[in-house]
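In: okay, structure incoming, though there's no sequence with it:
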């Protein structure tokens, strides 16, 4: 009774799928191609074959000091993710393994904080940051992104931890393991994959966050989002250089993203779709 | 074995995140609420006074307010329409056996990982620019006049860019849901002589209902706050033609220095978001009861 798939059907579907995929990917592809063109080439009309110069990448670094916003992005996104994990792991752990009647309410409430529109608190946050001298500081942005992503991190970890079977804990307890041994030898190895995917997805979210990072930074702590946004009012023609800067800004996260597509669905739907 | 001891420990473990989120939620929101009743301009910070509902009245009577609400709805509705319909179509296509499925998936998911300012600038300069963009090149090739997208159709252009960013998300989630559809059911339907259309309406669509709901609700949360895409393309213009509520509040607060007015707008945004959140929480909450 196996469904026989005709080759013709497969070829038609393949062609259609590839056309759709290439159209969707085209803006990214064309950006990469343009980054390898010279400036006159970049505005000379449609062409998929660049002269293959790396000039633009070098210029972006020497003229605009690309490395600085890049490092800011790395520090802020990785820092906020690790901070969020440190705070969230114990919570998610407690909720998954010692649930009470109110655990569900607490989880829902945490998620609801995520629904608060950022603009609604722009004014107080901006004023507080100004008064505490946190504007345009890496610490300020790291704290901000930690708070923004904390609910998602707790939720993701919770959905992973919940799947660790409780019987294993009981077996370990029977064998005389204490709470500490239980955590170190039994639970941690089983929790690592969940923690790793949470880490990955959250770095992506933090890297691409483009409201607070743009509004709360100017030059010193500006990550790539703010750096690229500063190109919005160009002086003169700069297509190729902008493309080079854009390519460098998205490349690391694009590659991370490709590895995490499976976790993405789970993480962003809070386990509602798997 | 769940002794009093473990319960206390569990509470202690939960305390940091709960307390942090509690403070994070209450303090800024309370400040916004307080500011919304104040006459407070950053250019004249010594002269703060209580004005009651004046800020709300000011926002409410401003023509830009209604335009921004309308624009917010157009962005949310337009992007949802494109991403849900497009997402279903592409998911159905990817669910077929095809050569190079892995690569096709990677290509289609990619726009989701592009940060908003980059996505907006790529589209603004490389694709939709009336002089040098690819669309202009195509128009010229067929002998048409190039279109100045951001001047003529600012809101549509933004919808297009945002839809490009979110289409992968919708596709991926719908595809995941589609792949969990029982193969035997499909076979049975085929054996009973159901054609593609009937199978889609009576079998596939009901199966996707939950995933579609989740896509709509999650995207809505993010789409209500579209900001960077507007900032780097049209900057809200021409006039207020592409200003959504989030952008209007930003304009009022940091360009107009009007803390009171912006806060009133912020409270309105919270109310709007809460209406959406109410439905999302119910959808997600149901899943917990499994």
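Out: In hand now; what should we look at? Predicted model, so just to flag it, every value in this text is computed and none were measured.
In: what residues does the stretch 151-274 of chain A have near chain B?
Out: A:151, A:154, A:173, A:179, A:204, A:207-208, A:210-211, A:214-215, A:224-226, A:228-229, A:231-232, A:239, A:242-243, A:246, A:249-250, A:253-254, A:256-258, A:261, A:264-265, A:268-274 (CB under 8 Å from any CB of the partner chain). Backbone N, C-alpha and C define where each C-beta goes, glycine included.
In: mind listing the helices for the stretch 151-290 of chain B?
Out: Along the stretch 151-290 of chain B, the stretches classed as helices by DSSP state H, counting those that start in this stretch are B:154-179, B:183-191, B:196-199, B:205-223, B:228-233, B:245-250, B:259-288.
In: deepest of those, which one?
Out: Across those, averaging neighbours per residue (mean count of other CB atoms under 10 Å in any protein chain shown) puts helix B:245-250 on top, at a mean of 27.
In: about what we covered before: need the helices of the stretch 151-290 of chain B in TSV with distance to residue A:116, can you?
Out: Shown next, in TSV, are those (distance: least, CB to CB, whole Å):
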stretch	distance to residue A:116
helix B:154-179	20
helix B:183-191	41
helix B:196-199	42
helix B:205-223	10
helix B:228-233	18
helix B:245-250	12
helix B:259-288	7
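In: and those as JSON lines, adding distance to chain A?
Out: What follows is those, written out as JSON lines (distance: least, CB to the nearest CB, whole Å):
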{"stretch": "helix B:154-179", "distance to chain A": "5"}
{"stretch": "helix B:183-191", "distance to chain A": "7"}
{"stretch": "helix B:196-199", "distance to chain A": "12"}
{"stretch": "helix B:205-223", "distance to chain A": "5"}
{"stretch": "helix B:228-233", "distance to chain A": "4"}
{"stretch": "helix B:245-250", "distance to chain A": "4"}
{"stretch": "helix B:259-288", "distance to chain A": "4"}
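In: any residue of the longest helix anywhere in chain A up close to chain B?
Out: Secondary structure assigned by DSSP state H gives helix A:67-97 as the longest helix of chain A. Yes - using CB under 8 Å from any CB, helix A:67-97 comes into contact with chain B via A:87, A:88, A:90, A:91, A:93, A:94, A:95, A:97.
In: okay, now the last one: neighbour count?
Out: It refers to residue A:97. 19 (other CB atoms under 10 Å in any protein chain shown).
In: spatially nearest residue to residue B:137 (excluding sequence neighbours)?
Out: With sequence-adjacent residues excluded and distances taken as CB to CB, 6 or more residues apart in numbering or on different chains, residue B:137 is closest to residue A:46, at 4.1 Å.
In: I'd assumed residue B:44 was in a helix, is it?
Out: No - using DSSP: H, G, I helix; E, B strand; the rest coil, the assignment for residue B:44 is coil, not a helix.
In: need the phi and psi values for it.
Out: Main-chain dihedrals, residue B:44, degrees, to the nearest 10: phi -140, psi 60.
In: roughly how far apart are it and residue B:257?
Out: Using CB to CB, to the nearest Å, one gets 9 Å for the distance from residue B:44 to residue B:257.
In: before we move on, back to that, for ChimeraX, write the selection for the buried entries among the residues of the stretch 151-274 of chain A next to chain B.
Out: A single ChimeraX command suffices to select whichever of these are buried according to 16 or more other CB atoms under 10 Å in any protein chain shown:
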select /A:151,154,204,207,208,210,211,214,215,224,225,226,228,229,231,232,239,242,243,246,249,250,253,254,257,261,264,265,268,269,270,271,272,273
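In: having no further points to raise, I will conclude here.
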